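> Sharing a model prediction with you, sequence too.
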Amino acid sequence: MRNKKINIQSLPIAMEQANEMFNHALQIDKEIQKYLNKDKNNSPLGKMISANVLIGLSIELYLKSLMIAGRKDGVVFGHNLTDLYNEIHPVLKMAIETEYGKCKKSKNVLMVEIGIKSSKGLPPKPEKEPFDGVDFKDFNQSLDTISNIFVESRYYFETIGSSDWSFIKYAFESARCIAIAVKTVLENFRAGIFKGEI
């Protein structure tokens with residue numbers, strides 16, 4: 001993976017960008033949950049895609065902010081959250097996973113996966129159920145599930161018609177907890193809590 005040195009003075013700007021995207025994603029999700037609670041079959045696709053893009057990019061920027069703050073090798077290029085997370089120091093990863101476990105997930109929040117049929121005839125039923133086998137209590141499974149959320153959502157329109165089905169996942173509550181966990185550890189790192197451990 002390619003790295004790029006980024007001036008430490010850019011850290012507050014990166015964190016502000018991440019915070020703003022995160023806050024906007026939260027606002028959009030509130031609207032989405034209102035829609036979904038009224039009618040689960042009438043999902044606001046545009047809002048869901050927008051929230052996915054914002055939450056995915058905010059997590060990416062929180063992870064890259066951690067890299068700016070604490071890596072001599074610089075920031076790793078790319079959008080894949082699992083790949084970025086794997087570049088984080090093990091002590092910080094353990095702290096992120098602990099913070100994720102503390103995050104209170106709302107029981108009333110709905111997760112959905114929308115499938116758009118794009119074949120001429122009736123396509124076969126998709127092979128897997130939405131979120132099949134994913135335990136959202138497990139940080140690594142949650143992260144893997146949303147790892148490409150930014151790219152998949154940003155370019156979703158390009159997938160229409162490329163196969164029988166085009167899917168978009170909306171697991172915002174889990175993504176929210178990942179963002180909070182990384183943000184908390186980033187703030188703790190900047191406050192010197194991990195001094196001597198890294």
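Thanks, I have the structure now.

> Show the contacting residues for residue 21.
By Cβ atoms under 8 Å, 6 or more residues apart in numbering, the contact set of residue 21 is 54, 55, 57, 58, 61. (Glycine included, C-beta is placed from N, CA and C.)

> repeat for residue 68
Counted by Cβ under 8 Å, 6+ apart, residue 68 has contacts 6, 8, 10, 11, 14, 75.

> quick one: residue 95 from residue 198, how far?
Here residue 95 is placed at a distance of 10 Å from residue 198 (Cβ to Cβ, to the nearest Å).

> Looking at these two, which is more packed in?
residue 95 (22 against 11; other Cβ atoms under 10 Å).

> what pLDDT does the more buried one get?
Note on residue 95: pLDDT of 98.

> So it, which state does it fall into?
Using DSSP: H, G, I helix; E, B strand; the rest coil, the structure places residue 95 in helix.

> tell me the pLDDT at the most centrally placed residue in the chain?
By Cα atoms, centre = their mean, the mean C-alpha position of the chain lies nearest to residue 56, the distance being 3.7 Å. Looking at residue 56, its pLDDT stands at 97.

> In which helix or strand does it reside?
Following DSSP states H and E, one finds residue 56 within helix 45-70.

> Now the element after that helix, going C-ward?
Counting by DSSP H and E, the next helix or strand C-terminal to helix 45-70 is strand 75-76.

> Direction included, what does that following strand pair against?
strand 3-4 (antiparallel) (DSSP bridges).

> Now do the end-to-end distance for stretch 165-177.
Counting by Cα to Cα, to the nearest Å, you get 29 Å between the two ends of stretch 165-177.

> For it, buried residues please.
Within stretch 165-177, the residues scored as buried using 16 or more other Cβ atoms under 10 Å are 165, 166, 168, 169, 170, 171, 172, 173, 174, 175, 176, 177.

> Determine the longest helix present in this protein.
helix 11-38 (DSSP state H).

> Give me the angle between it and helix 45-70.
Orientation check (axes from the mean of the first three to the mean of the last three Cα atoms, to 10 degrees): helix 11-38 against helix 45-70 gives 150 degrees.

> Now do the phi/psi pair for residue 169.
For residue 169, the backbone dihedrals (degrees, to the nearest 10) come out as phi -100, psi 140.

> I'd assumed residue 146 was in contact with it.
Yes - between residue 169 and residue 146 there is a contact under Cβ atoms under 8 Å: 7.5 Å.

> Let me know the closest of the contacts of residue 21 to residue 103.
Nearest to residue 103 among the contacts of residue 21 is residue 55, at 13.6 Å by Cβ to Cβ.

> Surely that closest one touches residue 174?
No - under the criterion of Cβ under 8 Å, residue 55 makes no contact with residue 174, lying 9.8 Å away.

> sec struct for residue 195, please.
Recorded secondary structure, residue 195: coil (three-state DSSP).

> residues near it, how many?
Residue 195, neighbours per other Cβ under 10 Å, totals 8.

> and the gap between it and residue 189?
Residue 195 is 9 Å from residue 189, by Cβ to Cβ.

> Same check on residue 172?
In terms of Cβ to Cβ, residue 172 sits 25 Å off from residue 189.
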